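S.K.: After the sequence you'll find the predicted model.
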Amino acid sequence: MIRSASGSWEIKAMFPLNFRKDRAEQFVQCLAEGTSIGRVQTVDEMVALAGACFFALMSHGPILRKMAAQMQNQALPESQASEHAEADEEMVFNDLHAAIEFSAHLTMLVHDGGYDQQYEPVVQCLVTQDDGQKRVLPVSGFKQGD
C-alpha cells in the first residue's frame, strides 16, 4: 500500500515479494558450485532464483562484455578508467534486463509453438537497452521473413 497525497492508503499493483535468506544462500551456492538447484515450486522461489541468477550475471560484467566483443569479431578494449566503472555497471545492468526479457520471449515462443517459424534451434545475438529502447542485433539463428 502507498499513502496518497490525501493521507489515505491506496492499494497499487505491485509484486508481492516474499524473500527467504536460506533459499537465496542455497541458490547462490548451487550456482557457484554448478550443482543442482533442485525443485523450484513457488512463485517466490522462481523470483528468488531469478534474483540469484541476475546477481551471478552482474558479477560477471567484464566477462559478458568480452563475450559480446568476441561475438562481433572484435577485441575488448583495455579496461576503462575507474571513473567509468559505474557507467559500465549500469550498461551491464540494462543489457542483462534486455537479454533476460528477450530470452523470456523466446522461451514463450517455444512453449506456445511459435519458435520454429522465426528461429533456428540455436540463436546468437547481441541484446542491448539504452534509454529504455531495447535492440536485438542478430548474429545467427534468425530465419529470414517472407
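M.R.: Sure, I can see it. Residues are numbered from 1 along each chain as shown.

S.K.: C-alpha from now on. contacts and neighbour counts both.
M.R.: Noted.

S.K.: residues touching Gln26, list them.
M.R.: Ile37 (C-alpha atoms under 8 Å, 6 or more residues apart in numbering).

S.K.: For Leu64, see how far away it is.
M.R.: Shown here: Gln26 relative to Leu64, a distance of 24 Å by C-alpha to C-alpha, to the nearest Å.

S.K.: Buried residues of the longest helix seen in the chain, list them for me.
M.R.: Taking DSSP state H as the criterion, the chain has its longest helix at helix 85-112. Residues 88, 91-99, 102, 106, 109 are the ones in helix 85-112 that count as buried (16 or more other C-alpha atoms under 10 Å).

S.K.: Over to Val28. Which of the three states is it?
M.R.: Assigned with DSSP: H, G, I helix; E, B strand; the rest coil, Val28 falls in the helix class.

S.K.: check contacts around the residue most central in space within the chain.
M.R.: Closest to where the C-alpha atoms of the chain average out (C-alpha atoms, centre = their mean) is Ile100, at 3.2 Å. By C-alpha under 8 Å, 6+ apart, the contact set of Ile100 is empty.

S.K.: just the one 10 residues further on next, same as before
M.R.: Listed by C-alpha under 8 Å, 6+ apart, the contact partners of Val110 are Asp116.

S.K.: Let me know the angle separating the strand ranked longest in the chain from helix 85-112.
M.R.: Ranked by residue count, the top strand of the chain under DSSP state E comes out as strand 119-130. The directions of strand 119-130 and helix 85-112 differ by 150 degrees, with axes from the mean of the first three to the mean of the last three C-alpha atoms, to 10 degrees as the criterion.

S.K.: still on that earlier bit, tell me the one of the buried residues of helix 85-112 nearest Ala32?
M.R.: Leu96 (18.8 Å; C-alpha to C-alpha).

S.K.: residues contacting the closest one?
M.R.: By C-alpha under 8 Å, 6+ apart, the residues touching Leu96 are 54, 57-58, 128.

S.K.: and which of those is nearest Lys21?
M.R.: Relative to Lys21, the closest of those is Phe54; by C-alpha to C-alpha it sits at 15.9 Å.
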